[in-house]
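Colleague: Sequence first, predicted coordinates after that:
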Amino acid sequence: MRTLFVVNPVSGASSNDKAILCIHERAVATETDFKFCYTSGNNDAENILEQLEDFKPDRVVAGGGDGTVQLVARVLMGKNIPMAILPLGSANGLATALQIPSRIEDAVELSMTGKNIRPLDVLRFDRKHYCTHLADIGINARMVKRYTEEGGSGMIGYMKFLLQSIKESPLLNYIIKTPEGIYHKEGYMVAFANAHMYGTGIHISQGSVSDGKFEIVNVERVALDAAIKAGLTKFNVFIDKDMFSDVISCTEADITIDKHVDFQIDGEYMGEIDRLHIDILSSYLRIVTP
Ligand SMILES: Nc1ncnc2c1ncn2[C@@H]1O[C@H](COP(=O)(O)OP(=O)(O)OP(=O)(O)O)[C@@H](O)[C@H]1O
């Protein structure tokens, strides 16, 4: 077995040294032929592609948060190489939804030797941006923007931007068109979800990452005290189950918003938009799961 580990050295709140050591130990014990490819934040997709051609791995492990998972997924799309996840990020949304263990030794073991490989849908925006877990417009995207522009990490950064972003995010009036119907809605944030739950463990639907559908979640009200509590206890997504009511499940949608609004995909800030086309690429990847 030839395994390529794509590792984001700066992901998560603590050092990734323990994971790297653990990979070396397990690779020697299981006689795995392995190679590391560290991300730099620049030209990472091109570098991974080069490694795929040179090293010809049987599987690729994405070591990092949702941003790294999405990066590796993009490179592997259309190739028949399975992806595994080593959750080294701060929220690890997709890994949580797939029940990948958070204990690093167990996650390393699963990523290297796991035999249960299932299909993974990928969400696509405007036919050019890809998402493996969660994208949204409104409050959360505003926070991602502030993180990106002003820096800050961990809980201090999170709390610093949460209140500001809630205060700055106006009520959105928007129209969703799907093959099933047209919906007029109002909310402070709209999430587009591939998985059935947020990284925080809050369930949003009965869907799964391989059901060929995605969910549109309208966050129609944000209670400040609940948002702070959810943020403090669960980190990264402040949405509590009382804040959204209506969830639309679909395969394709067009959304038009009455104003320009911040947009993020898997923790990466994408700029401002006032319309989006969304569709799902069913079973586009293969992923190692417990
Ligand atoms: N060597 C590096 N130095 C600085 N930034 C990097 C480096 N490698 C990757 N990045 C950036 O890290 C971001 C992806 O982070 P990732 O999602 O893996 O971790 P995280 O933000 O800690 O976790 P989470 O998404 O779970 O909150 C991307 O914006 C990418 O450009």
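Modeller: Arrived safely, thanks for sending. Residues are numbered from 1 along each chain as shown.
Colleague: If the nearest residue to P57 once chain neighbours are set aside is in a bridge, with which residues?
Modeller: With CB to CB, 6 or more residues apart in numbering as the criterion, P57 has its nearest non-adjacent residue at 3.9 Å, and that residue is L4. No exception for glycine: its C-beta is placed from N, CA and C like everyone else's. Listed beta-bridge partners, L4: K35, V60 (assigned using DSSP bridges).
Colleague: can you pull the contacts of L4?
Modeller: 34-35, 37, 48, 51-52, 55, 57, 59-61 (CB atoms under 8 Å, 6 or more residues apart in numbering).
Colleague: pLDDT of stretch 278-288, averaged?
Modeller: Mean pLDDT, stretch 278-288: 94.
Colleague: buried ones in the host helix or strand of R286?
Modeller: If you go by DSSP states H and E, R286 is part of strand 268-288. Residues of strand 268-288 classed as buried: 268-270, 273, 276, 278-280, 284-288 (neighbour count, 16 or more other CB atoms under 10 Å).
Colleague: Find the nearest non-adjacent residue to the residue in the stretch 51-200 of the chain that the ligand sits nearest to, please.
Modeller: Per CB to the nearest ligand atom, G65 is where the stretch 51-200 of the chain lies closest to the ligand, at 2.0 Å. Leaving aside its sequence neighbours, G65 sits nearest to G89 (CB to CB, 6+ apart; 1.9 Å).
Colleague: Tell me the secondary structure at that neighbour.
Modeller: Under DSSP: H, G, I helix; E, B strand; the rest coil, G89 falls in the coil class.
Colleague: same question, T256
Modeller: Reduced to three states by three-state DSSP, T256 is strand.
Colleague: Confirm for me that the residue of the stretch 51-200 of the chain closest to the ligand is in contact with N8.
Modeller: Yes: counting by CB atoms under 8 Å, G65 does reach N8; the two are 7.1 Å apart.
Colleague: Between strand 268-288 and the one helix or strand S249 maps to, find me the angle.
Modeller: For S249, the element it lies in under DSSP H and E is strand 244-250. Per axes from the mean of the first three to the mean of the last three CA atoms, to 10 degrees, the angle that strand 244-250 makes with strand 268-288 is 60 degrees.
Colleague: Direction included, what does strand 244-250 pair against?
Modeller: Here, using DSSP bridges, strand 244-250 pairs with strand 214-219 (antiparallel).
Colleague: Could I get the buried residue list for stretch 252-271?
Modeller: 253, 255, 257, 261-270.
Colleague: closest to S208 among those?
Modeller: Proximity of the buried residues of stretch 252-271 to S208 (CB to CB) peaks at D266, which lies at 17.7 Å.
Colleague: Next up, the contacts around that closest one.
Modeller: Taking CB under 8 Å, 6+ apart, one finds 66-67, 69-70, 93, 131-135 in contact with D266.
Colleague: Could you list which of these belong to strands?
Modeller: 131, 134-135 (DSSP state E).
Colleague: can you redo those as CSV with pLDDT and neighbour count?
Modeller: Formatted as CSV, these follow (pLDDT from 0 to 100; neighbours: other CB atoms under 10 Å):
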residue, pLDDT, neighbour count
C131, 94, 28
L134, 88, 29
A135, 92, 28
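Colleague: follow-up on the earlier one: wait, what's in contact with the residue of the stretch 51-200 of the chain closest to the ligand?
Modeller: 8, 11-12, 87-92, 267.
Colleague: now F5
Modeller: Counted by CB under 8 Å, 6+ apart, F5 has contacts 23, 34-37, 60-61, 63, 86.
Colleague: Out of the residues you listed, who's the most crowded?
Modeller: G63 (31 neighbours; other CB atoms under 10 Å).
Colleague: Assumed that one was part of a strand.
Modeller: Yes: G63 sits within a strand when classified using three-state DSSP.
Colleague: Would you check that it makes contact with V6?
Modeller: Yes: in this structure, G63 is within contact of V6 by CB under 8 Å, at 6.4 Å.
Colleague: list the contacts for the closest residue to N8 other than its chain neighbours?
Modeller: Counting by CB to CB, 6+ apart, N8 lies nearest to G64, which is 3.3 Å off, once chain neighbours are set aside. G64 makes contacts with 6-8, 11-12, 39, 86, 88-89, as judged by CB under 8 Å, 6+ apart.
Colleague: G64 and A91: what is the separation?
Modeller: 11 Å (CB to CB, to the nearest Å).
Colleague: how about the strands in this structure?
Modeller: Under DSSP E, the chain gives strands at 2-7, 33-38, 59-64, 83-87, 117-125, 129-131, 134-138, 172-178, 181-187, 189-193, 214-219, 244-250, 252-265, 268-288.
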